[in-house]
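>>> The amino acid sequence is not available; the structure is as follows:
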Ligand SMILES: Nc1nc2c(ncn2[C@@H]2O[C@H](COP(=O)(O)OP(=O)(O)OP(=O)(O)O)[C@@H](O)[C@H]2O)c(=O)[nH]1
């Protein structure tokens, strides 16, 4: 109770006496302290507002301590203002003590925090880091594009491999069927002729039996070269089966196809196979020739050319058999 009444004991000599109640001095002190009090009470409000709105700020509790310190400074100035007319020096001393304690605590905390705050990256650091990251992102993007190009190229390569006959390098059966579908579509769309040759080496089994499987492989490769040389770039050659090949001839009618088939037959008949290995293997082939007819299905077309090939075989081999019905329409 005594402490409380001592605190609010304003009976001491007011500070105005020290200033001799001189108006200009009073004016200076009153205006100076009033402005300081207003500022020191407003700054903590702003700091508390900042902490409330930006709870992500690092070490934001130091702003609260700073707000308390400035508020107490404001109280001290307020007391100085009051003490011009009243003598509340205990209360004034108490406010100074509180300000001192909070100031010291804030100072200690600032000293403790200083290295940590200095270590926080500056805007300039962030800018540099950001530029580095953008550069890395650019490099990653370029690497990704390169990777995508390589994957695309590799995929194309693999797709090509999947459609290629490993021994002869021409299309395999799957690839041939794909191309035939496309060629039929083109032929239907543009009403252009499309012919088909099915070429089968005669008695090829004998080559294998007599000269070995490896030489048989060489014969197949050479036969492919002969057919490729005889045909156009726009023609498509593929291996349909073991020693059976299919040649697709776009923009070619059955009459023209027959001429080509005959040339291929002769080229194979006249070619000395396996010459590089010191041999001179003679071989003939049989060829079925037909032309795509409007409305015909792909399987019907293949059946027709297959039937013609076997007709050539049955007629004694080493010959070309043409679909006469169509040939009659293309004299
Ligand atoms: N070397 C080799 N031989 C193959 C390959 N594919 C199939 N053959 C052989 O080709 C031969 C085909 O024999 P056949 O179907 O009796 O036909 P062919 O002997 O040519 O008789 P025709 O067709 O009736 O004139 C078989 O001996 C198969 O082993 C291959 O990739 N390499």
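That came through, no problem. Nothing here was measured: the structure is a model prediction, and the numbers come from that model. Residues are numbered from 1 along each chain as shown.

>>> Stretch 17-32: how far from the chain's middle?
Relative to the mean C-alpha coordinate of its chain, stretch 17-32 is positioned 77 Å out (Cα atoms, centre = their mean, to the nearest Å).

>>> Number the residues from 57 up from this point.
With 57 as the first residue, the last one maps to stretch 73-88.

>>> buried set for stretch 112-129?
Neighbour-count burial for stretch 112-129, counted by 16 or more other Cβ atoms under 10 Å, picks out 118, 119, 121, 122, 123, 124, 125, 126, 127, 128, 129. Every C-beta, even on glycine, is put in place using the N, C-alpha and C of the backbone.

>>> How many neighbouring residues does residue 236 have?
Residues contacting residue 236 under the criterion other Cβ atoms under 10 Å number 21.

>>> For the buried residues of stretch 112-129, could you give me JSON lines that also reports pLDDT, distance to residue 312 and secondary structure?
Formatted as JSON lines, the entries for these read as follows, by pLDDT from 0 to 100; distance: Cβ to Cβ, whole Å; DSSP: H, G, I helix; E, B strand; the rest coil:
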{"residue": "118", "pLDDT": "91", "distance to residue 312": "95", "secondary structure": "helix"}
{"residue": "119", "pLDDT": "92", "distance to residue 312": "93", "secondary structure": "helix"}
{"residue": "121", "pLDDT": "93", "distance to residue 312": "99", "secondary structure": "helix"}
{"residue": "122", "pLDDT": "94", "distance to residue 312": "98", "secondary structure": "helix"}
{"residue": "123", "pLDDT": "96", "distance to residue 312": "99", "secondary structure": "helix"}
{"residue": "124", "pLDDT": "95", "distance to residue 312": "103", "secondary structure": "helix"}
{"residue": "125", "pLDDT": "95", "distance to residue 312": "104", "secondary structure": "helix"}
{"residue": "126", "pLDDT": "97", "distance to residue 312": "103", "secondary structure": "helix"}
{"residue": "127", "pLDDT": "97", "distance to residue 312": "105", "secondary structure": "helix"}
{"residue": "128", "pLDDT": "97", "distance to residue 312": "109", "secondary structure": "helix"}
{"residue": "129", "pLDDT": "97", "distance to residue 312": "108", "secondary structure": "helix"}
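
>>> Buried ones in stretch 200-220, by neighbour count?
For stretch 200-220, by 16+ other Cβ under 10 Å, it's 219, 220.

>>> Quick one: distance of that stretch to the chain centre.
Stretch 200-220 has its C-alpha centroid displaced from the chain centroid by 15 Å (Cα atoms, centre = their mean).

>>> What average pLDDT does that stretch get?
On average, the pLDDT along stretch 200-220 is 96.

>>> Tell me the first helix or strand C-terminal of the helix or strand hosting residue 357.
Residue 357 is part of helix 354-370 when elements are defined by DSSP states H and E. Stepping forward along the backbone from helix 354-370, the first helix or strand reached (DSSP H and E) is strand 376-378.

>>> average pLDDT for stretch 252-262?
For stretch 252-262, mean pLDDT rounds to 96.

>>> Show me which residues of that stretch are buried.
Residues of stretch 252-262 classed as buried: 252, 253, 254, 255, 256, 257, 258, 260 (neighbour count, 16+ other Cβ under 10 Å).

>>> This protein: strands as residue ranges?
Along the chain, the stretches classed as strands by DSSP state E are 250-257, 292-295, 300-306, 341-347, 376-378.

>>> Please identify which of the buried residues of stretch 252-262 is nearest to residue 278.
Each of the buried residues of stretch 252-262 was scored against residue 278 by Cβ to Cβ, and residue 257 proved nearest at 10.5 Å.

>>> quick one: the closest one from residue 324, how far?
According to Cβ to Cβ, to the nearest Å, residue 257 and residue 324 sit 8 Å apart.

>>> Residues that sit against both of these two, list them.
Taking Cβ atoms under 8 Å, 6 or more residues apart in numbering as the contact definition, residue 257 and residue 324 share the neighbouring residues 279, 339, 340, 341.

>>> Greatest separation within these: which pair is it?
When those are compared pair by pair using Cβ to Cβ, the two farthest from each other are 279 and 340, 10.8 Å apart.

>>> so what's in contact with those two at the same time?
When contacts are counted by Cβ under 8 Å, 6+ apart, residue 279 and residue 340 are jointly contacted by 257, 324.

>>> returning to what we had before: out of the buried residues of stretch 252-262, who's near the ligand?
256, 257, 258, 260 (Cβ under 6 Å from any ligand atom).

>>> can I get those in CSV with distance to residue 98?
Conversion of those to CSV gives the following (distance: Cβ to Cβ, whole Å):
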residue, distance to residue 98
256, 103
257, 104
258, 109
260, 105
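
>>> which of the shared contacts of residue 257 and residue 324 has the most neighbours?
Highest count within the shared contacts of residue 257 and residue 324 by other Cβ under 10 Å belongs to residue 341, 27 neighbours.

>>> Distance-wise, check that one relative to the ligand.
In this structure, residue 341 lies at 9 Å from the ligand, with Cβ to the nearest ligand atom, to the nearest Å as the measure.
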